[in-house]
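K.L.:
Model the following, please.
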Amino acid sequence: MSSVLQQRGSELSQVHACHKQTKLQFQQISAEIEKIETLCEYQRKEWKFHHFTRPAMRKFHYEYKKLSLMRQLVYHIGNLIYLPAHQLQSARHQVIWDAFTSFHNVLQNEQYKSSLQHQTLVLTLKQRFWAHKQEENRGDQPFSTETTMLYELLAIHHLLEELHRIHCLKDRYNLNNSSVSLSS
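P.N.:
Numbering: from 1, shown residues only. Down below sits the predicted model:
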């Protein structure tokens, strides 16, 4: 997911349409998540017939929550995949690239922990989003491509924060070494 996000960020920062390879990788990720969700449903059905331990069930629920957040990430990345890049303003390409690179780095981090630099960048994105939103409200215009992109980036940031929170809870309850795992 992080590489697709970074590839799309590169395309958007260079004002390029989505490359065929990026779309293909995105579709593969989406299909994999659907397969995992199907396996999770089988696991839930199996619990009706077999005994399970409370720690295994707790770990399953944490991993399922993580999967749910990954599904939402795929949704927001999909919105970025189909965003018309040709309508972006050229003055902000570096900020776009920095944001996508930062999100890539957070996704690469096993704990989904963000840096202080990432937090500062997100603050800049929020300020730009609200500035665009106020400007568009005055003109009674629909959301611009840039406002939509900023919204999607902020939504992705929120999901990454939630993934970090879930990881911290998992550590807190020492669920890393249980037998059930969806992340492999």
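K.L.:
Pull the contacting residues for Gln94.
P.N.:
Ser13 (C-beta atoms under 8 Å, 6 or more residues apart in numbering). C-beta here means a position set from N, CA and C on the backbone, and glycine is covered the same way.
K.L.:
just use 9 as the starting number from now, easier for me
P.N.:
In the new count, where the first residue is 9, that last one comes out as Gln102.
K.L.:
So which residue is dead centre in the chain?
P.N.:
Leu81 (3.1 Å; C-alpha atoms, centre = their mean).
K.L.:
what sits against it?
P.N.:
The contact partners of Leu81, by C-beta under 8 Å, 6+ apart, come to 9, 164, 167.
K.L.:
Quick one: mark the members of those that sit in helices.
P.N.:
Among these, the members found in helices (DSSP state H) are 164, 167.
K.L.:
Any chance of a markdown table for the contacts of Leu81, columns pLDDT and neighbour count?
P.N.:
A markdown table is the format used below for these (pLDDT from 0 to 100; neighbours: other C-beta atoms under 10 Å):
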| residue | pLDDT | neighbour count |
| --- | --- | --- |
| Met9 | 91 | 17 |
| Ile164 | 95 | 24 |
| Leu167 | 96 | 20 |
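K.L.:
Now do the helices in this protein.
P.N.:
So, for the chain - with DSSP H - the helices run 10-21, 28-54, 62-89, 101-116, 124-147, 153-180.
K.L.:
got a list of contacts for the shortest one?
P.N.:
In this structure, residues lying in contact with helix 10-21 by C-beta under 8 Å, 6+ apart are 25-27, 29-30, 33-34, 37, 85, 88-89, 91, 93, 96, 101-102, 104-105, 107-109, 111-112, 115-116, 157, 164.
K.L.:
Show me which of those are buried.
P.N.:
26, 30, 33-34, 37, 85, 88-89, 91, 93, 96, 104-105, 107-109, 111-112, 115, 157, 164 (16 or more other C-beta atoms under 10 Å).
K.L.:
can you pull the pLDDT of Asn145?
P.N.:
With respect to pLDDT, Asn145 scores 74.
K.L.:
Please spell out which residues along stretch 122-129 are buried.
P.N.:
Those buried within stretch 122-129 under the rule 16+ other C-beta under 10 Å are 122, 126, 129.
K.L.:
Show me where the protein dips below the pLDDT cut-off.
P.N.:
97-100, 147-149, 183-192 (pLDDT under 70).
K.L.:
change it to 90
P.N.:
For the chain, applying pLDDT under 90 flags the ranges 17-26, 51-71, 90-107, 117-123, 136-157, 175-192.
K.L.:
what about Lys53, distance to Leu47?
P.N.:
Shown here: Lys53 relative to Leu47, a distance of 11 Å by C-beta to C-beta, to the nearest Å.
K.L.:
and these two? which has more neighbours close in?
P.N.:
Higher neighbour count among Lys53 and Leu47: Leu47, with 12 against 9, using other C-beta atoms under 10 Å.
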